Every structure is written in structure tokens, then in C-alpha cells.
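Asks: Dropping the sequence and predicted coords here.
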Amino acid sequence: TIEYLGRLDHQVKVRGFRIELGEIESALRSISGVKDAAAIIRTTADGEQELAAYVVLQKETGRLDLHRTLAGKLPAYMMPDSFTILPNMPLTTSGKLDRSGLPEPAHSGRADVTPKAPRTLLETELVLIWQEVLKRELIGIRDDFFQLGGQSLKAAALVSKIYQRLHVQLPIRDVFSYPTIESMAGAIEQMTRDICPEIQPAPEKDLYPLSFAQKRLYALHQLAKDNTSYNMPAALELRGKLCRKRLKEAFATLIDRHEALRTSFVLQNGEPMQRIASAAEVKWTELHIQSEDSLNEVMESFVQPFDLERAPLIRVCLAALNKDRHFFLLDMHHLIADGMSMSTFIREFTDIYSGKEPPPLTLQYKDFAVWQNEQFSAGAFGSQKQYWLEVLKGTLPVLDLPLDQKRPLLPDFSGDTLTTHIDRETGAKLRQLMDETGSTLYMVLLAGFSIFLSKLSGQEDIVIGSPAHGRERAELDGVIGMFVNTMAMRSKPEGNKTVRTYLKEIKTLTLEAVDNQYYPFEELVQHLDAPREVNRNPLFDAMLVLENSDDFKMELPELTLLSHKLPYHSSKFDLTLHAEEQDDGTISCHFEYSTALFEKATVARWSDHFKTL
């Protein structure tokens with residue numbers, strides 16, 4: 001459907017999107033060689049609405065690929081379906097554009113009805129990479145990455161695959177600037193080949209350095225050795241006929257396969273180092289439970305602090321409800337794994353249990369740690385350091401949320417989680433906002449969460465922490481370890497800005513931050529020389545995490561494996577929003593909060609404010 005909105009003759013609504021025809025015309029005029037441009041909405045013979053563009057070229061201008069040039073300047077829903085070259089624009093007697101005098105397009109029909117096939121070897125390679133990342137078969141060179149279901153995490157995977165296959169280091173922000181295969185191929189052709197040294201297996205040693213992410217977690221562990229806030233518990237429900245022997249063998253194979261699962265941490269001359277055991281025996285316990293409700297009680301006693309000097313930093317338990325229903329409980333320390341590692345662990349575990357042999361690993365986590373330290377010493381992160389020092393210069397704000405209790409003098413990681421949901425209708429409107437502004441769900445949530453914190457605190461300078469996956473190298477796919485870095489996202493949700501203006505700022509902030517995500521957070525804190533209070537986190541007290549839903553169901557021989565949610569009674573920050581986009585169009589919002597600071601009723605009220613906002 002098409003609507004003309006208000007008194008703005010050139011603002012229209014097409015297929016549910018609000019479009020300013022003037023924006024399309026302005027983008028066309030900005031192309032070198034274009035003298036004038038016009039855009040209209042027309043109805044095709046089959047009743048479909050389409051955008052038609054008309055351009056007048058400057059003299060001696062050669063052939064222009066207008067569609068390719070426009071990609072990145074306009075979101076996909078504003079891309080014209082046809083381009084017609086005219087010698088002059090039709091004018092009224094008063095000298096204004098006569099839109100009714102524009103001819104039928106030189107060619108019509110929507111470009112996305114039949115995907116446009118690749119024309120070059122590079123475009124063919126990119127189609128294959130896109131198909132792998134997006135898990136789609138039919139992809140044309142003019143299809144938009146984000147319209148096909150791409151988002152920030154998939155953009156990172158795309159960049160990784162491009163580096164692995166084409167040896168070109170495409171910045172993540174270029175995925176947003178060149179969101180079609182056609183435009184991306186053009187950008188890659190202009191780039192020089194990346195010369196960043198590959199990660200090589202490290203020489204055999206007794207001890208290896210920690211990665212920067214590990215150094216940060218090791219220091220945090222020392223503040224509360226008896227705390228479990230950096231444990232990673234998980235529960236897998238097993239339904240059907242379980243083969244205990246095969247289960248144990250699969251687990252033993254994983255321990256042997258991944259060195260991180262056999263790693264411990266020791267001090268050498270005051271410096272923490274990691275030691276890899278040639279073999280490690282995991283403590284394996286089995287028990288019976290009376291009901292599913294009693295599983296939470298079992299987990300309470302199962303999750304215990306780890307002694308970092310004793311490998312492995314992982315424990316398991318098999319809890320039987322009856323002969324056809326078991327719960328496989330896991331607990332490991334964050335120093336040896338992250339969220340993507342857990343996904344790798346479960347995927348490989350099910351493959352091995354099913355009799356499949358995973359591909360051999362060419363690298364282990366220690367190889368990355370050695371490489372990262374060498375790159376840092378060689379100054380490879382210098383430009384990223386300067387970026388963050390510029391973003392975080394001056395006096396940094398301290399988030400001043402209204403507390404229910406006085407802040408404890410010492411770190412207190414006690415916490416709880418309150419879950420709420422953004423309904424399908426609101427989720428659909430957010431996705432339309434994303435399409436109209438060329439944003440991702442993370443960007444929209446970061447904008448919303450920072451405005452939310454600004455309203456609660458009365459502050460207009462907000463810093464929110466956000467994790468960066470840290471796996472920019474394709475050769476690290478499938479390696480278990482702690483790769484996550486932390487980014488300090490500083491924004492200014494000032495009251496005189498419109499939401500769309502602010503969202504545009506957030507989009508720029510996010511793209512720049514992602515391009516500089518590998519500078520170690522702890523090193524940044526040292527260089528900023530920000531005041532360190534023992535009862536506060538450095539730089540920020542609120543966190544935003546956009547997660548892939550961890551709900552899954554896998555079929556194994558005579559067995560079904562399902563995810564199982566666990567209660568979590570810990571909070572690393574004052575307030576953390578864990579958001580998950582669900583298959584039914586809703587968005588789950590898990591507010592993890594410090595119970596030393598806030599009452600549950602307060603957070604429940606705030607969650608309603610957030611949904612309203």
C-alpha cells in the first residue's frame with residue numbers, strides 16, 4: 001500500500017516504510033556525473049508499488065552503475081527499482097519539476113523478484129560466503145545483507161570468513177556501508193591485501209602468558225576468591241535412552257581435544273601464567289533427583305568456587321530423574337571459556353556422542369594468547385588505543401541510579417534476575433525502525449537503554465559496558481577459550497535531541513567501537529587513569545548484552561538434547577540488560593541486578609518503564 005503523509009507531497013509510505021523521495025533524489029545528485037535527479041512512486045501492471053528513479057547526466061559522463069553506487073548511501077527499502085536516463089527533466093510552466101511528465105521507466109519490475117546472479121569470480125566467492133553465514137540458498141548480488149537477516153554478530157562472522165577465504169581484512173563498518181555483494185565486491189577490489197601476521201602454534205613451554213581478557217578476569221577473581229560470579233553453569237536435559245559409556249567417552253574426548261579445558265593458572269615472579277596439563281581427570285558425579293523442581297537445589301550445591309591452580313576448571317554431574325530423563329550439569333570457570341565456547345562445547349559434544357569426528361584443530365587458545373601479547377608489544381593496537389582515549393577523554397561520568405540500599409564498602413556480587421518481554425507488536429515496530437534507519441537491534445537497544453538510564457539518573461553523559469566477541473580471526477573458529485573483550489560505549493542522550501538523531505549518533509558510535517574492539521579493556525583503564533573505587537567497576541556500572549537465544553533441541557541416537565534454563569543469583573554490575581530476540585518476534589529482557597543495591601519491586605517497576613519507553 002502507498003500513503004501520502006500530511007502536507008509533505010514528497011513523503012510517502014511504501015510497503016510499510018516511511019520514505020522521503022527527496023532523500024533518494026539527494027543521494028542520486030551526490031553521485032559524481034549526475035546533474036539532476038527525480039524519484040516517484042508508480043504502480044506496475046500487476047498492481048505492485050515500485051520506486052522509479054530518473055537522472056540527467058552531466059556532459060561526457062560515461063556509463064554509471066547507479067544501483068551499485070547507491071548501495072550503502074540508502075537503506076535497501078529506499079533503493080529504486082528502476083533507473084531511467086533522461087536528456088532533461090520535464091518542467092512545468094513555472095519551471096518546477098513536472099512529475100506527471102516523467103515517462104514510463106526504461107525497465108521496471110522489482111529487482112529482488114529474481115536474485116541477480118554474480119558476474120565476476122569475486123562476486124561468486126562472496127555469494128558462497130554470504131550463503132554460509134546467513135544460511136540461505138538464493139542470494140542475489142543486489143540483496144541487502146541486513147534485509148536477509150544479518151546483524152552485528154553475523155557481520156563479524158562475515159568479515160572473518162572473507163579474511164579466511166579472500167585474505168582481505170574488511171572493516172565491520174564496511175558491511176554497513178556496502179551491504180550488497182555488488183557494492184562489497186567493489187569495495188574489496190579497492191583494498192590492499194591484509195598483511196597482519198597469521199596466528200602460529202606457539203613453541204612448547206611449561207608456562208604461557210595470559211591473554212588480556214584472562215588477565216582482567218584473573219584480577220577480578222583475586223578480589224573474591226570464594227565467589228562464583230565468574231562460573232559458567234549450564235544444564236542440558238537428556239530425554240530418551242542414555243548410553244552412559246558413550247556420554248563419558250564424548251566428554252573425555254573433548255577434554256583431550258581442547259587444551260583450555262586442561263588449563264590452570266599459577267603465579268611466576270608475581271605474574272599470572274597458564275599451565276596446560278597433558279591430561280586431566282574431571283570430577284564426575286551421579287545422583288538421583290525426586291522432581292524437576294529439586295534440580296535448582298542440586299545446582300546450588302553443585303556450583304562451587306574453583307581453585308585456579310588445579311586443572312581442570314570444569315566439573316560435571318549427571319542427575320537422573322528417571323531412566324528416560326536425565327540432566328547433564330556443567331560448571332566451568334570463565335577464565336577458560338566464553339559464551340561461544342559453550343556453544344562449541346555442546347555442538348562438538350553432541351557430534352562425538354553421535355559418532356561424528358570433529359575436524360582437527362590447527363590452533364589452541366594458548367597460541368592466541370601468545371600471538372595477542374606479541375602483537376600488543378609490537379604496537380599493533382596503537383590506533384585503537386587513540387580512538388578509545390579520545391572517546392573517553394575528560395571527566396568520566398559515574399552512573400548515579402537511585403539506590404534502595406547504601407552501596408557496600410567492599411565488592412558484593414550478590415544478585416538476581418527479573419525477566420520481562422517486549423511483545424511481538426512492539427518488536428515489529430522496532431524492526432521497522434531498524435529498517436528505516438539502517439540500524440541493528442543492538443543499536444536500537446543501546447539507544448533505548450542509555451535513554452532509560454539517563455531518565456533514571458538525571459544524567460546526560462552515560463557509559464554502558466558491552467562485550468565484544470573478540471574472534472576476529474577465522475582460524476579461531478571452534479577454539480574454546482576466553483576471547484571476550486569489553487567496550488565502554490559512551491553516549492550523550494541529551495533532552496534536546498530527537499530519537500532518530502540520537503539513534504544516528506549511536507549507529508556511528510557502534511560502528512566505530514566495533515572497528516576498535518580489540519584494544520584490551522584493562523590496558524585502557526590503566527591509560528585513562530580513572531579513579532578506581534574498590535566497590536565499583538571501572539568506567540561503568542551498567543552493561544548491555546544482546547544474546548542469541550540459547551534455547552535449542554537436538555536429536556541424537558535414541559536421545560533428545562534440550563537446553564534448560566537455570567536461576568542465576570549473581571550480578572557483576574549494578575544493572576545488566578541481557579536481551580534475546582525470540583523466533584516468535586518477541587524480545588526477552590533479563591534484568592540482572594545487584595540485590596545489595598536494589599529491591600526486586602524497584603527493578604520490576606523499572607522494567608515496565610523500559611518497555612513503555
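Replies: Now that the structure is in, tell me what you want to look at.

Asks: From now on I want contacts and neighbour counts done on CA atoms only, so please keep to that.
Replies: OK.

Asks: Quick one: end-to-end length of stretch 387-398, please.
Replies: Stretch 387-398 has an end-to-end distance of 21 Å (C-alpha to C-alpha, to the nearest Å).

Asks: and residue 430, that's in a strand?
Replies: No - looking at residue 430 with DSSP: H, G, I helix; E, B strand; the rest coil, it is helix, so not inside a strand.

Asks: distance of it from residue 463?
Replies: Distance, residue 430 to residue 463, by C-alpha to C-alpha: 23 Å.

Asks: More neighbours: those two, which one.
Replies: Neighbours per residue (other C-alpha atoms under 10 Å) separate residue 430 from residue 463, with residue 463 holding more: 24 against 17.

Asks: tell me the mean pLDDT for stretch 498-510?
Replies: Per-residue pLDDT values over stretch 498-510 give a mean of 93.

Asks: Identify each buried residue in it, please.
Replies: 502-507, 509-510 (16 or more other C-alpha atoms under 10 Å).

Asks: Among the residues you listed, which are located in helices?
Replies: 502-507, 509-510 (DSSP state H).

Asks: Where do the helices of the stretch 151-300 of the chain begin and end?
Replies: For the stretch 151-300 of the chain, applying DSSP state H, counting those that start in this stretch gives helices covering 152-166, 172-177, 181-190, 212-223, 244-257, 295-302.

Asks: any chance of these in TSV, with distance to residue 78 too?
Replies: TSV is the format used below for the helices of the stretch 151-300 of the chain (distance: least, C-alpha to C-alpha, whole Å):
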stretch	distance to residue 78
helix 152-166	21
helix 172-177	15
helix 181-190	16
helix 212-223	42
helix 244-257	49
helix 295-302	51
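
Asks: Next, the residue of the chain most remote from its centre: secondary structure please.
Replies: The outermost residue of the chain, judged against the average C-alpha position, is residue 93 (54.5 Å), by C-alpha atoms, centre = their mean. Three-state assignment for residue 93 (three-state DSSP): coil.

Asks: Please tell me how far it sits from residue 571.
Replies: As judged by C-alpha to C-alpha, residue 93 and residue 571 stand 70 Å apart.

Asks: Surely residue 333 touches residue 232?
Replies: Yes - counting by C-alpha atoms under 8 Å, residue 333 does reach residue 232; the two are 5.8 Å apart.

Asks: of these two, who's got more company?
Replies: With neighbours defined as other C-alpha under 10 Å, residue 333 and residue 232 compare such that residue 333 has more, 24 against 19.

Asks: what does stretch 180-200 contact?
Replies: Applying C-alpha atoms under 8 Å, 6 or more residues apart in numbering, the contact partners of stretch 180-200 are 68-69, 71-72, 122-123, 126-127, 140-145, 167-170, 174-175, 178, 363, 367-368, 371, 475.

Asks: And for stretch 144-161?
Replies: For stretch 144-161, the external contacting residues (C-alpha under 8 Å, 6+ apart) are 76, 129-130, 133-134, 169-172, 175, 179-181, 435, 440-442, 472-474.

Asks: ok, now stretch 121-135?
Replies: Contacts of stretch 121-135 (C-alpha under 8 Å, 6+ apart): 118, 136-141, 148-150, 154, 157-158, 161-162, 181-182, 185.

Asks: Quick one: mean pLDDT for stretch 203-215?
Replies: 95.

Asks: Now do the shared contacts for residue 333 and residue 232.
Replies: Residues touching both residue 333 and residue 232 (C-alpha under 8 Å, 6+ apart): none.

Asks: got a pLDDT number for the closest residue to residue 160 other than its chain neighbours?
Replies: Closest residue in space to residue 160, ignoring its immediate chain neighbours: residue 474 at 4.9 Å, by C-alpha to C-alpha, 6 or more residues apart in numbering. At residue 474, the model reports a pLDDT of 71.

Asks: And for residue 291?
Replies: With respect to pLDDT, residue 291 scores 84.

Asks: Roughly how far does it sit from residue 322?
Replies: Residue 291 sits 9 Å away from residue 322, going by C-alpha to C-alpha.

Asks: hey, what's in contact with both of these two?
Replies: Counting by C-alpha under 8 Å, 6+ apart, residue 291 and residue 322 have no contacts in common.

Asks: picking up where we left off before, would you mind putting the helices of the stretch 151-300 of the chain into TSV with mean neighbour count alongside?
Replies: Formatted as TSV, the helices of the stretch 151-300 of the chain follow (neighbours: other C-alpha atoms under 10 Å):
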stretch	mean neighbour count
helix 152-166	20
helix 172-177	21
helix 181-190	19
helix 212-223	17
helix 244-257	15
helix 295-302	14
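
Asks: So for residue 525, which of the ones you listed sits nearest?
Replies: Nearest to residue 525 among the helices of the stretch 151-300 of the chain is helix 212-223; the distance by C-alpha to C-alpha comes to 10.6 Å.

Asks: Can you tell me which helices and strands the closest one packs against?
Replies: On a contact count with 3 or more C-alpha pairs under 8 Å, 6 or more residues apart in numbering; DSSP states H and E, helix 212-223 meets helix 521-528.

Asks: before we move on, back to that, quick one, which of the contacts of stretch 180-200 are buried?
Replies: Among these, the ones that count as buried by 16+ other C-alpha under 10 Å are 68-69, 71-72, 122-123, 126-127, 140-145, 168-170, 174-175, 178, 363, 367-368, 371, 475.

Asks: So which of those are in helices?
Replies: Going by DSSP H, the helices hold 68-69, 122-123, 126-127, 174-175, 367-368, 371 from the buried ones among the contacts of stretch 180-200.

Asks: which one of those residues is nearest residue 344?
Replies: Once C-alpha to C-alpha is applied, the member of those that ends up nearest residue 344 is residue 368, at 17.0 Å.

Asks: For residue 254, which residues are in contact?
Replies: Going by C-alpha under 8 Å, 6+ apart, residue 254 touches 345, 348-349.

Asks: Spatially, what comes nearest to residue 208 if we skip its sequence neighbours?
Replies: Ranked by C-alpha to C-alpha, 6+ apart and with sequence neighbours excluded, the top spatial neighbour of residue 208 is residue 274, at 5.2 Å.

Asks: what about that neighbour, distance to residue 337?
Replies: Residue 274 sits 14 Å away from residue 337 when distances are taken as C-alpha to C-alpha.

Asks: now swap in residue 603 and tell me
Replies: 30 Å.

Asks: Which one's more surrounded, those two?
Replies: Neighbours of residue 603 and residue 337, each counted by other C-alpha under 10 Å, are more numerous for residue 337; the result is 24 against 19.

Asks: and residue 18, how many neighbours?
Replies: Residue 18 has 19 neighbouring residues, counting by other C-alpha under 10 Å.

Asks: residues near residue 497, how many?
Replies: Neighbours around residue 497, by other C-alpha under 10 Å: 11.

Asks: Sorry, wrong one. I was asking about residue 119.
Replies: Each residue near residue 119 was counted by other C-alpha under 10 Å, and the total is 10.

Asks: same question, the one 10 residues further on
Replies: One way to gauge burial is a neighbour count; for residue 129, by other C-alpha under 10 Å, it gives 18.

Asks: likewise the one 5 residues further on?
Replies: The local packing count at residue 134 equals 19, with neighbours defined by other C-alpha under 10 Å.

Asks: mind checking pLDDT for it?
Replies: Here the pLDDT value assigned to residue 134 is 91.

Asks: again, but for residue 11
Replies: pLDDT recorded at residue 11 is 62.

Asks: go on, residue 47?
Replies: At residue 47, the model reports a pLDDT of 68.

Asks: same check, this time on the one 10 residues further on
Replies: pLDDT for residue 57: 88.

Asks: Contacts only, for it.
Replies: 33-36, 85-87.
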